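Participant: Predicted model follows, preceded by the sequence.
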Amino acid sequence: MKPLVGIIMGSDSDLPVMKDAAEILKEFGIESEVKVLSAHRTPDQAIEYAKTAEANGLKVIIAGAGGAAHLAGVTAGNTVLSVIGVPISTKALKGIDSLLSTAQMPPGIPVATVAINGAKNAGILAAQIIAEGNTEVREKLRAYKKKMEKDVLAKTEKLGEIGYEEYLKQ
């Protein structure tokens, strides 16, 4: 099965965050490919990846980067596919620099930006984009959200039964 989502990151140090996107996509039965491509250190390869992504069968690209996080913007500037940016937390500024670099795109170059280190949500958003034309994925998303609802309601019931002090001890 060919990958539908490209997951790219500026450095392999981003992989502990970006794996969350790959894992949730796998849960929805969506194939992905994972690559390290830097907007600054491998600009030619990053641009080529973006320019050929559609022809290679990708439907969405998730781009994660930290610091001067230009990967999502460079990608979005070179494809018509939806690009989801994942700002990666940094030591110096805790990811605020990454968030602003990812979110502040010029008119005409949109990047859907999730929370700092929000690769799981990026994967879910990619699945929702794919679900527009795929009823099987749409039903898996419905089931996922129903399970989240059930889990939260079970927690509130338990909290009501044992009280917050006992709940926090567990």
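Facilitator: Arrived safely.
Participant: which SSE is the spatially most central residue of the chain in?
Facilitator: Nearest to the geometric centre of the chain sits A122, at 2.3 Å (C-alpha atoms, centre = their mean). Using DSSP states H and E, A122 maps to helix 119-131.
Participant: picking up where we left off before, is the residue nearest to the centre of the chain in contact with V83, as I believe?
Facilitator: No. Counting by C-beta atoms under 8 Å, V83 is not a contact partner of A122; they are 10.1 Å apart. Any C-beta I mention is one placed from the backbone N, CA and C, and that applies to glycine too.
Participant: Residue ranges of each domain in the protein, please.
Facilitator: Domains of the chain are assigned by automatic domain parsing as 5-133, 135-170.
Participant: got the buried residues for stretch 6-22?
Facilitator: Buried residues in stretch 6-22, defined by neighbour count with 16 or more other C-beta atoms under 10 Å: 6-11, 14, 17-22.
Participant: and of the residues you listed, the nearest to A131?
Facilitator: A21 (15.7 Å; C-beta to C-beta).
Participant: can you put the buried residues of stretch 6-22 in a markdown table and add pLDDT?
Facilitator: Converted to a markdown table, the buried residues of stretch 6-22 look like this (pLDDT from 0 to 100):
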| residue | pLDDT |
| --- | --- |
| G6 | 99 |
| I7 | 99 |
| I8 | 98 |
| M9 | 98 |
| G10 | 97 |
| S11 | 96 |
| D14 | 97 |
| V17 | 98 |
| M18 | 98 |
| K19 | 98 |
| D20 | 98 |
| A21 | 98 |
| A22 | 98 |
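Participant: which one of those is nearest K146?
Facilitator: Looking across the buried residues of stretch 6-22 and measuring by C-beta to C-beta, the closest to K146 is D20, at 20.8 Å.
Participant: Contact partners for the closest one?
Facilitator: 119-120, 123 (C-beta atoms under 8 Å, 6 or more residues apart in numbering).
Participant: For those residues, give me JSON lines that also has neighbour count and pLDDT.
Facilitator: Below are those laid out as JSON lines (neighbours: other C-beta atoms under 10 Å; pLDDT from 0 to 100):
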{"residue": "A119", "neighbour count": "27", "pLDDT": "98"}
{"residue": "K120", "neighbour count": "19", "pLDDT": "98"}
{"residue": "G123", "neighbour count": "30", "pLDDT": "98"}
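Participant: mind checking how far H40 is from A127?
Facilitator: 29 Å (C-beta to C-beta, to the nearest Å).
Participant: Just want to know which of those two has more residues nearby.
Facilitator: A127 (25 against 13; other C-beta atoms under 10 Å).
Participant: Thanks a lot, catch you later.
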